[in-house]
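>>> Dropping the sequence and predicted coords here.
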Amino acid sequence: MNAPAVGPMTPSASTLDIARIRADFPILSAVTVNGKPLVYLDNGASAQMPRQVIDRLVRYHTHEHANIHRGVHYLSETATNAYETARKTVQRFLNAKEDREIIFTANVTDSINLVAHSYGGAFLSAGDEVVITHLEHHANIVPWQMLRDEKGVKLRVAPINDAGEVILEEYEKLFNARTKFVSITHVSNALGTINPVKAMIDIAHRHGVPIMIDGAQAVQHMTVDVQALECDFYAFTGHKLYGPTGIGVLYGKAALLEKMRPHRGGGDMILSVTFEKTTYNTIPFKFEAGTPQIAQAIQLAAAIDYVNAIGLTSIAQHEQALLSYATERINSLGGVRIYGEAKHKSAVISFYVGDVHPHDVGTLLNGEGVAVRTGHHCAQPVMQRFGIPATARASFAFYNTFEEVDALVTAISKVQKLFD
Ligand code: C6P
């Protein structure tokens, strides 16, 4: 989109050639909804996949597929190389120090459960406290509650203000001698808030507490450097990064991963097994029991290559322009409440149209070809904080256009007219 930046209600300039980028995503032109062009604004749930990533699966299954780490034959070595190269791609993407600090999991939920079980289960005991925030997705609440029920660990929750920002002073006040772990989201999926994670990591470390970051809504929108952040764990999920479902990543500092217990037992995570005793494999293999998601890891690397080729700085710039334009246009309608007004926000707009239930809004928008997510977004405590059951949520990707924002706004105004 090359529209000039000339004031309010006008789309700002973007350096990206969106038409060319959109041509990489077959689904964006292949699908019409109710006879209308698809306007896909549910990228926070799952982003679409470019042809380069789709084709990588075909190439893998046409030329490279076998089980990995198990054979000396050509295909097994080819698949092993591709899988381990994918690990290195993820390592570079997060700027991790070593590739053995990258563990492939099923998704970010799996990554968080791994840490809760393998770190929390081994090193936390009754009365110890885990700090989270009011912004968390259920994936970063429930595993800690399971640990609470199993071990008597306590959950402490950092509050948020009306804009949907974590109140840093209150976060820091939660730390005491019993605080043993922190797990926080980088970006809120329900509100779009970008947490000041570096400051939050520094606070945790000042108190001598390790910290995990849920990057499910972050890595596709901004550069993440785990060495600069100094976080102890960082997790993300493939399908929101233009990759496939069924693949996630856990980064962990080697020293921590080495002392943690395995999450699951089975093949590949062992060095030797007798009926009396098993010796576990080195990291990362200790955490990758059984045949992993080989094809999906390789596709994830292709997705990372694709995103890198566009550039996260240009992506962020375009998405922020979409966010400003959409916010302004939705606000200008009147009668639409936007939830999440953090100063630092990713391109997510959670909204409520008058008193119309978000599910009805979503259904009516679908009638116009506009795909948004409706519901509690697996973040019920966020909804409870604002006294609402749900929102409709538009979440943008770099392939979205200003015309699609216009289509969203027109569809919302039709909802308003219908319920007038
Ligand atoms: N949020 C959304 O529509 P999985 O399912 O494991 O890939 O991702 C879980 C998850 C964890 N943390 C955050 C911040 C998330 O946003 C998500 C997934 C989707 O917002 C589906 S509920």
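Looks like it arrived, so ask away.

>>> which sections of the stretch 1-150 of the chain are below the confidence cut-off?
When residues are selected by pLDDT under 70, those of the stretch 1-150 of the chain lie in 1-13.

>>> try 90
Within the stretch 1-150 of the chain, the stretches with pLDDT under 90 are 1-15, 70-71.

>>> where does residue 336 land on pLDDT?
The score at residue 336 is 98. That number is its pLDDT.

>>> can you start the count at 333 instead of 1 from here on
Fine by me, first position is 333 from now on; the one you just mentioned is residue 668.

>>> measure it to the ligand for me?
20 Å (CB to the nearest ligand atom, to the nearest Å). C-beta: built from backbone N, CA, C; applies to glycine.

>>> Equivalent analysis for residue 471, please.
In terms of CB to the nearest ligand atom, residue 471 sits 4 Å off from the ligand.

>>> Now do the contacts for the nearest residue to that residue once chain neighbours are set aside.
The shortest distance from residue 471 to any residue other than its chain neighbours is 4.2 Å, reached at residue 441 (CB to CB, 6 or more residues apart in numbering). Contacts for residue 441 (CB atoms under 8 Å, 6 or more residues apart in numbering) come out as 471, 569, 580.

>>> element containing residue 441, please.
Assessed by DSSP states H and E, residue 441 sits inside helix 440-447.

>>> those helices in the stretch 333-482 of the chain, which residues are they?
Along the stretch 333-482 of the chain, the segments classed as helices by DSSP state H, counting those that start in this stretch run 350-355, 358-362, 383-391, 406-426, 440-447, 453-455, 474-483.

>>> Relative to the ligand, how far out is residue 718?
Taken as CB to the nearest ligand atom, the span from residue 718 to the ligand is 16 Å.

>>> wait, what's in contact with that residue?
If you count contacts by CB under 8 Å, 6+ apart, residue 718 has them with residue 671.

>>> one step back: deepest in the core, which of the helices of the stretch 333-482 of the chain is it.
Mean neighbour count (mean count of other CB atoms under 10 Å) peaks for helix 440-447 among the helices of the stretch 333-482 of the chain, with a mean of 25.

>>> returning to that earlier point: will you turn the contacts of residue 441 into TSV that also has neighbour count and distance to residue 689?
Converted to TSV, the contacts of residue 441 look like this (neighbours: other CB atoms under 10 Å; distance: CB to CB, whole Å):
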residue	neighbour count	distance to residue 689
471	22	25
569	28	29
580	29	32
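
>>> what about residue 591, how many residues close to it?
Using other CB atoms under 10 Å, residue 591 has 11 neighbouring residues.

>>> Over to it: give its phi and psi.
In terms of degrees, to the nearest 10, the main-chain angles of residue 591 are phi -90, psi 0.

>>> Quick one: the helices in the stretch 483-632 of the chain, in order.
Counting by DSSP H, counting those that start in this stretch, the helices of the stretch 483-632 of the chain are 500-505, 529-538, 558-561, 586-591, 626-642.

>>> from those, which stretch is densest packed?
Scoring those by mean count of other CB under 10 Å, the most buried comes out as helix 626-642, with a mean of 22.

>>> Which SSE is immediately downstream of that one?
Scanning onward from helix 626-642 (DSSP H and E), the first element met is helix 644-665.

>>> what packs against that following helix?
strand 668-671, strand 680-685, helix 734-750 (3 or more CB pairs under 8 Å, 6 or more residues apart in numbering; DSSP states H and E).

>>> can you list the residues that contact it?
Contacts to helix 644-665, defined as CB under 8 Å, 6+ apart, come from residues 333, 340-348, 350, 524, 552-555, 639, 668, 670, 677-681, 683, 726, 728-730, 732, 734, 737-738, 740-741, 744-745, 748.

>>> Using PyMOL, define a selection of the buried residues within those residues.
Here is the PyMOL command that selects the buried residues among the contacts of helix 644-665 (16 or more other CB atoms under 10 Å):
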select buried, resi 333+343+344+346+348+350+524+552+553+554+555+639+668+670+677+678+679+680+681+683+726+728+729+730+732+734+737+740+741+744+745+748
